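Asker: Mind folding the following:
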Amino acid sequence: MRKKIKCKDKSEKDVLYNIFESENIMKTIKKTGLFLSLFLVLFILPTDSDTMEEFEKEFTEAASKVKFIMPIDFGVNCFMNNYATKEERETYDRAMKPLMERDYATSDVIRLLRHESPQVRSLAALTLIKRRNPRLLPYIAELLTDNRFAFRIPYQETCSTFWPKDEMPPLREETVSQIASACIDEYLRASNGVPSFIFQSIDPKTFEHYWKERKDRFFNLGWFMADYPKLYHRLHTQSKEMDKVREQVLSIKKAMEKLPPLYREWYLIYLSQYDKTGRIKIATDAELKEWMMTIGRESIISFLRTNSIPVDDPDCSNLDKLHIQGIEDLILKNSTLLLEKEDAYFLLEEAGKKEYPYMAIWWYIGAAQLLPERSGIILKKLLDEMKGTRFAGEIAYHLFRLERSHKIIYLRDWFYNSSEDNRSLFLYLLNNNDLPEKQSMILSLVKHDRFDVLTWFEVSTIVQIGEKYGI
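Answerer: Residues are numbered from 1 along each chain as shown. Got it, this is the predicted structure:
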């Protein structure tokens, strides 16, 4: 059963709403509707003419000075261009700096979406998207039918740290519609809408369908995740402002922490799947366990049954399969903490439905942890089935972890009849985890008459383990 958003009072609703609100103009949208608020902004709300003229001039001058633009700079909200000649990079940075750093009034920027210059219209759209406020998307979407030439943009495949810094990469021509599509596309991808094909424009009807499901919501998972993949990707590349990028990544976590229970924990767990290397340290193991325990068994079982996060959110029904599998593995590794013994039979049933055997490994291990009296039977059968695969070493380790001395002879024979990769993985896991009776397993391997077939790495790992236990 999917939980619906519940707010205790108006103040809590305001907190949620303000997660994605930047200025009072958004309150006008909420109260009066998009069409009327757009009319108010464009034709009624007063703006000093001299100030507006100067404001337009900054955008016009910026557009005239650059040979190319990089939309990613506005999405990440800092300069990421590590290519082109030094002179071109400096010219680009000087021209874009005011647009990147100044806090222009939203109403003024929205006016520029109807400027006569397609370059100014494009820069206005990019300036709005850098605010990371999805409620500005309908304004940008008005440009999806604007096919005037806007700017040249470096081809995506050349925009990497491997491109020579003193050479200009190949450029392609982009229309206003394509730049507006680039602004909106990240949200559609994150919210499982239909993303545009590379270098193509989004169909306005696609955006209408996307917005219809989300316009009255306080938040969605996709609104948080729209920026995260590209921000995290940039942490693995060179940048002049890497600390700023890392700060923005962690700000997504802080925003999620303001959400109601259940949404907060599920969103944070999903976010953590982007940080498998631990480079940003989004969540500690203790935090992950705490979030999962807060979610509770009923919600976790529902997730395992449906492969979707069981909350009232259109973005949570068709999530990234790799991240879903990562969350499944996280739950199953902690099955004794999160599930009941009776749930083991459900896990075994689901394991048998998996398309590929490797996808069922942690389902079997999770069940074995809940049924210690049957763990040997479950994992020995699994190891026999997966004997020739690269997963056998990990399965063998968990068989020893749960059965210990009862399976030492069996695992010794398995070890010397396995591939070098699986033997090395088995020893690596033994060396990096404290387990009772580990020394007995090592002694059994050392005394075997085929000990001399082991590689230098395997022998050195065995010596390390032996030294820890004084063998």
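
Asker: T336: neighbour count?
Answerer: 12 (other C-beta atoms under 10 Å). Every C-beta, even on glycine, is put in place using the N, C-alpha and C of the backbone.

Asker: ditto for T127
Answerer: T127, neighbours per other C-beta under 10 Å, totals 23.

Asker: That one against Y104, yeah?
Answerer: Yes: under the criterion of C-beta atoms under 8 Å, T127 makes contact with Y104 at 6.5 Å.

Asker: ok, now which ones touch the residue nearest to V176 when sequence neighbours are not counted?
Answerer: Nearest residue to V176, sequence neighbours excluded (C-beta to C-beta, 6 or more residues apart in numbering): D146, at 3.9 Å. With contacts defined as C-beta atoms under 8 Å, 6 or more residues apart in numbering, D146 is in contact with 118, 121, 175-177, 180.

Asker: to the chain's geometric centre, what's the distance from the helix or strand that A95 is a member of?
Answerer: For A95, the element it lies in under DSSP states H and E is helix 86-101. Put simply, helix 86-101 sits 29 Å off its chain's centre (C-alpha atoms, centre = their mean, to the nearest Å).

Asker: quick one: average pLDDT of it?
Answerer: Averaging pLDDT along helix 86-101 gives 82.

Asker: next helix or strand past that helix?
Answerer: Of the helices and strands lying after helix 86-101 in sequence (DSSP H and E), the nearest is helix 106-112.

Asker: Just name whatever secondary elements that following helix is in contact with.
Answerer: helix 25-32, helix 49-65, helix 118-129 (3 or more C-beta pairs under 8 Å, 6 or more residues apart in numbering; DSSP states H and E).

Asker: low-scoring stretches of the protein, by residue?
Answerer: Applying pLDDT under 70 to the chain flags the ranges 1-52, 72-84, 156-166, 193-200, 228-242, 244-245, 276-280, 471.

Asker: follow-up on the earlier one: C-alpha coordinates for the helix holding A95, PDB please?
Answerer: Extracted in PDB, the C-alpha atoms of helix 86-101 (Å, rounded to 0.1, in the frame of the first residue of the first chain):
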ATOM      1  CA  LYS A  86      43.100  29.600 -22.900                       C
ATOM      2  CA  GLU A  87      41.800  32.800 -24.500                       C
ATOM      3  CA  GLU A  88      38.400  31.300 -25.400                       C
ATOM      4  CA  ARG A  89      38.000  29.800 -21.900                       C
ATOM      5  CA  GLU A  90      38.800  33.200 -20.300                       C
ATOM      6  CA  THR A  91      36.400  35.000 -22.600                       C
ATOM      7  CA  TYR A  92      33.700  32.500 -21.900                       C
ATOM      8  CA  ASP A  93      34.200  32.700 -18.100                       C
ATOM      9  CA  ARG A  94      34.100  36.500 -18.100                       C
ATOM     10  CA  ALA A  95      30.900  36.600 -20.200                       C
ATOM     11  CA  MET A  96      29.100  33.900 -18.200                       C
ATOM     12  CA  LYS A  97      30.200  35.000 -14.800                       C
ATOM     13  CA  PRO A  98      27.500  37.600 -14.200                       C
ATOM     14  CA  LEU A  99      24.800  35.200 -15.300                       C
ATOM     15  CA  MET A 100      26.200  32.400 -13.100                       C
ATOM     16  CA  GLU A 101      26.700  34.500 -10.000                       C
END
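
Asker: between that helix and helix 118-129, how big is the angle?
Answerer: Helix 86-101 runs at 60 degrees relative to helix 118-129, counting by axes from the mean of the first three to the mean of the last three C-alpha atoms, to 10 degrees.

Asker: For the nearest residue to I442 once chain neighbours are set aside, which three-state class applies?
Answerer: Take I442 and drop its neighbours on the chain: the residue closest to it by C-beta to C-beta, 6+ apart is I465, 5.2 Å away. Following DSSP: H, G, I helix; E, B strand; the rest coil, I465 is assigned to helix.

Asker: Does I465 touch L430 like I think?
Answerer: Yes: if you go by C-beta under 8 Å, I465 and L430 touch, sitting 6.2 Å apart.

Asker: what's the overlap in contacts for the two?
Answerer: By C-beta under 8 Å, 6+ apart, I465 and L430 have these common neighbours: 438, 442.

Asker: of those two, who's got more company?
Answerer: L430 (22 against 18).

Asker: Quick check: buried residues in the helix or strand the more buried one falls within?
Answerer: Here L430 sits within helix 420-431, counting by DSSP H and E. Buried residues in helix 420-431, counted by 16 or more other C-beta atoms under 10 Å: 422-430.

Asker: Could you do stretch 390-406 as well?
Answerer: Of all the residues in stretch 390-406, those buried under the rule 16+ other C-beta under 10 Å are 391-404.

Asker: Could you dump those residues into TSV with distance to M70 added?
Answerer: Listed next are the buried residues of stretch 390-406 as TSV, based on distance: C-beta to C-beta, whole Å:
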residue	distance to M70
F391	42
A392	47
G393	44
E394	42
I395	47
A396	49
Y397	47
H398	47
L399	52
F400	52
R401	50
L402	52
E403	56
R404	57
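
Asker: which ones among the residues you listed are found in helices?
Answerer: When DSSP state H is applied, the buried residues of stretch 390-406 are split such that 392-403 fall in helices.

Asker: Among those, which one sits closest to I252?
Answerer: Taking C-beta to C-beta as the measure, I252 lies nearest E394 of those, at 31.8 Å.

Asker: Tabulate the CA atom coordinates of stretch 369-376 in CSV.
Answerer: C-alpha atoms of stretch 369-376 as CSV (Å, rounded to 0.1, in the frame of the first residue of the first chain):
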residue,chain,number,x,y,z
GLN,A,369,20.6,-15.8,7.5
LEU,A,370,17.0,-16.0,8.7
LEU,A,371,17.0,-19.8,8.7
PRO,A,372,20.3,-20.8,10.4
GLU,A,373,19.2,-24.4,10.8
ARG,A,374,18.9,-24.6,7.0
SER,A,375,21.7,-22.2,5.9
GLY,A,376,24.1,-25.0,5.0
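
Asker: Tell me which residues are up against that stretch.
Answerer: Outside stretch 369-376, the residues within contact range by C-beta under 8 Å, 6+ apart are 335-336, 339-341, 343-344, 347, 368, 378, 399, 402-403, 406-407.

Asker: Would you mark the buried spots in it?
Answerer: Buried residues in stretch 369-376, counted by 16+ other C-beta under 10 Å: 369-371, 375-376.

Asker: Ok, stretch 101-108 next?
Answerer: Of all the residues in stretch 101-108, those buried under the rule 16+ other C-beta under 10 Å are 104, 106-108.

Asker: What are the structural domain limits within this structure?
Answerer: 10-245, 259-435 (automatic domain parsing).

Asker: nearest to S251, of these?
Answerer: Of the domains of the chain, nearest to S251 by C-beta to C-beta is domain 10-245, at 9.1 Å.

Asker: and the residue most central in space within the chain, helix, strand or coil?
Answerer: The residue lying closest to the centre of the chain (C-alpha atoms, centre = their mean) is Y274, at 4.1 Å. Classification of Y274 by three-state DSSP places it in coil.

Asker: Please report how far K387 lies from A368.
Answerer: Distance from K387 to A368, counting by C-beta to C-beta, to the nearest Å: 17 Å.

Asker: same deal with R404?
Answerer: Using C-beta to C-beta, one gets 13 Å for the distance from R404 to A368.

Asker: what does D275 give?
Answerer: 28 Å.
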